[in-house]
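S.K.: pasting the structure only:
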C-alpha cells in the first residue's frame with residue numbers, strides 16, 4: 001500500500017501520527033531532488049506494470065491449492081526445488097522464489113469470462129550477501145527479466161533472457177521479477193529440471209487462530225450476583241481467600 005508521498009520518499013521523519021504537526025514534518029515538499037524524481041519514475045512504471053497484469057492484483061488470497069489440477073502459487077527454494085516443512089522453519093533462510101500461474105487464476109471479470117495472464121516468477125533475497133537462484137521449469141522454458149532492483153531504474157532497457165535451470169544471481173536485499181517467454185505454462189510450473197524434489201512440498205504454515213477472550217471475574221463469588229445487603233469483599237480478603245458468608249434469608 002502506498003501513502004501520499006511514498007513515491008518520493010516522504011518519511012515524516014518517522015512520525016506516523018503527524019495530523020497535529022503543521023510544520024515541515026507533515027508538509028509536502030514538491031521541490032524534488034534528482035534521486036526523488038527517479039523514484040517517482042520507478043513508482044509510475046511499477047503501477048503501470050501491476051495494472052497490465054491481473055495476476056498481481058488478484059481480488060482474493062492465494063491458497064496454494066490445486067485449481068483444475070494445478071496450484072495457483074508455488075513456493076520454491078533458491079535451488080529450484082519446492083519448499084518443505086524444514087525449509088519454512090529454518091531461521092537462517094532469507095530467500096525464496098514465488099511462481100504465479102497466469103492460466104489458473106480462478107478469477108472472472110465483470111462479464112463472467114475467466115481472467116488469464118502470463119506466468120511470472122518472483123525472486124526474493126533478504127540475505128546480506130548475494131544469492132544464486134536456479135530458475136524453475138523444464139528444459140525448453142525461457143524467462144525474461146521484467147524488474148530487478150539491483151539497477152537504479154529497476155526496469156531494464158533490454159530485458160535479459162534466461163533458460164530454466166540457469167543460475168541468476170541476486171545481490172543482497174533485492175528482488176527480481178521474470179516473465180515466461182518460451183515454453184508452455186504447464187512446463188514452467190515445474191521445479192528446475194536440474195533438481196529432484198526430495199521431501200514433500202508444502203505451503204507456508206498457517207498461524208493458529210487466537211482463542212476467544214474469556215472475561216475473568218476476580219471475586220470469589222464469580223459470576224453469581226450478590227444480594228443487595230451483602231458487602232463487597234475487601235482487597236485483603238481477595239488475596240487471602242474470603243470466608244464463607246451466610247446466605248441472607250429469602251423474603
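M.R.: That came through, no problem. As the structure is a prediction and not an experimental result, all values here were calculated from the model.

S.K.: what's the neighbour count on residue 80?
M.R.: Other residues near residue 80 number 23, with proximity taken as other CB atoms under 10 Å. For glycine as for every other residue, the C-beta is placed from the backbone atoms N, C-alpha and C.

S.K.: which SS state does the nearest residue to it once chain neighbours are set aside fall under?
M.R.: Spatial nearest neighbour of residue 80, excluding adjacent residues (CB to CB, 6 or more residues apart in numbering): residue 192 at 2.6 Å. Recorded secondary structure, residue 192: coil (DSSP: H, G, I helix; E, B strand; the rest coil).

S.K.: output the below-cut-off pLDDT ranges for this structure.
M.R.: Along the chain, the model assigns pLDDT under 70 to residues 64-69, 196-251.

S.K.: at 90 instead, please
M.R.: Within the chain, the segments meeting pLDDT under 90 span 1-21, 24-26, 57-74, 79-94, 101-117, 138-140, 150-161, 165, 183-251.

S.K.: where is the longest helix in it?
M.R.: helix 34-52 (DSSP state H).

S.K.: surely residue 21 meets residue 15?
M.R.: Yes - using CB atoms under 8 Å, residue 21 is in contact with residue 15, at 6.5 Å.

S.K.: for residue 175, see how far away residue 11 is.
M.R.: Computed with CB to CB, to the nearest Å, the distance linking residue 11 and residue 175 is 21 Å.

S.K.: all strands for this structure, in order.
M.R.: Ranges of strands within the chain are 66-67, 70-71, 73-76, 95-100, 120-125, 131-134, 142-148, 161-163, 167-170, 174-182, based on DSSP state E.

S.K.: any chance of TSV for the ones you listed, columns mean neighbour count and distance to residue 45?
M.R.: Output for the strands of the chain, formatted as TSV (neighbours: other CB atoms under 10 Å; distance: least, CB to CB, whole Å):
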stretch	mean neighbour count	distance to residue 45
strand 66-67	12	30
strand 70-71	16	29
strand 73-76	21	24
strand 95-100	20	19
strand 120-125	21	16
strand 131-134	20	23
strand 142-148	20	9
strand 161-163	15	20
strand 167-170	17	20
strand 174-182	20	12
